[in-house]
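Enquirer: Here is my input; please provide its structure:
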Amino acid sequence: MYKKKWLKNILLVFLILFAGFVFCSMAAAQVAPTTTFTTPTTTTTSPNWTALPPYNTLWPLWSAPLSPVDPVTGIPTPIVTNLYRTTVLPVQPGLTWHPSLGHPWLLYNTPIGLAYYDPFLGINKWPPDILQSTITGLPISITLPSGYESLPATPAWWLLGNVPAANWEYVTVYPSFYTSSISSPVAPALSSLLTPSALLL
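Expert: Residues are numbered from 1 along each chain as shown. Below you'll find the predicted structure:
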């Protein structure tokens with residue numbers, strides 16, 4: 001009985017991921033880039049990233065679910081104010097980036113705090129080792145390059161290629177948490193990042 005329920009849950013997750021991938025592939029073909037860039041040393045009229053404490057990793061302003069527009073100021077505002085291990089993300093996966101790396105990290109809220117997905121290292125507890133002092137365990141803040149606000153948004157092809165794999169690994173590592181929160185807004189979903197507003201190249 002338990003095995004049948006587990007298989008049904010796996011099938012459901014696969015179907016959700018497949019449907020999201022198909023939807024996003026169609027949306028990606030229709031969405032044109034709307035952000036313009038100048039030289040790296042100047043800011044654009046529409047910045048793509050903001051630095052979040054305590055690590056100074058970059059948080060996307062180009063993703064409406066992760067940085068909704070404040071109705072008062074009209075400025076995209078991150079849904080979290082920091083990236084400590086206990087931060088609760090209203091949607092998943094979150095996204096953060098160390099600009100010297102070629103790939104972002106996808107963040108997940110788990111029963112034991114934040115976890116992150118790295119394309120090469122898989123799911124691990126947040127923060128990564130490179131963001132902590134090996135002596136004190138305290139956060140190491142990244143020194144950001146000039147003009148970091150204007151760095152390009154994460155390409156749609158990267159999100160389409162990695163978010164499903166990250167969600168699947170998250171479900172594999174935390175199956176009981178996922179099945180108990182499948183209808184919750186904190187359950188991992190492709191729609192968290194892969195919406196037309198997020199598909200900027």
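
Enquirer: Give me the pLDDT value at the nearest residue to Thr87 once chain neighbours are set aside.
Expert: Leaving aside its sequence neighbours, Thr87 sits nearest to Val80 (CB to CB, 6 or more residues apart in numbering; 5.2 Å). All C-beta atoms are positioned from the backbone trio N, CA, C, and that covers glycine. Per-residue confidence (pLDDT) for Val80: 94.

Enquirer: Quick check, Val80 in contact with Leu52.
Expert: Yes: using CB atoms under 8 Å, Val80 is in contact with Leu52, at 7.0 Å.

Enquirer: Show the contacting residues for the residue nearest to Thr87.
Expert: 52, 59, 87-89, 94 (CB atoms under 8 Å, 6 or more residues apart in numbering).

Enquirer: Which one of those residues is nearest to Leu144?
Expert: Leu52 (11.2 Å; CB to CB).

Enquirer: so that closest one sits right up against Tyr84, yeah?
Expert: No: using CB under 8 Å, Leu52 makes no contact with Tyr84, being 9.8 Å away.

Enquirer: so what pLDDT did Tyr116 get?
Expert: 94.

Enquirer: part of a strand, is it?
Expert: Yes: Tyr116 forms part of a strand when assessed by DSSP: H, G, I helix; E, B strand; the rest coil.

Enquirer: Show me the beta-bridge partners of the spatially closest residue to it that is not a sequence neighbour.
Expert: Leaving aside its chain neighbours, Tyr116 sits nearest to Trp105 (4.3 Å; criterion: CB to CB, 6+ apart). Beta-bridge partners for Trp105, by DSSP bridges, are Thr96.

Enquirer: residues in contact with Trp105?
Expert: Contacts for Trp105 (CB under 8 Å, 6+ apart) come out as 57, 95-98, 116-118, 128.

Enquirer: would CSV of those residues with neighbour count and distance to Leu66 be doable?
Expert: Listed next are the contacts of Trp105 as CSV, based on neighbours: other CB atoms under 10 Å; distance: CB to CB, whole Å:
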residue, neighbour count, distance to Leu66
Thr57, 25, 13
Leu95, 24, 6
Thr96, 25, 10
Trp97, 19, 12
His98, 18, 17
Tyr116, 24, 14
Tyr117, 24, 15
Asp118, 16, 18
Pro128, 16, 19
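
Enquirer: Name the nearest of those residues relative to Gly147.
Expert: Closest to Gly147, out of all of the contacts of Trp105 and judged by CB to CB, is Trp97, at 14.6 Å.
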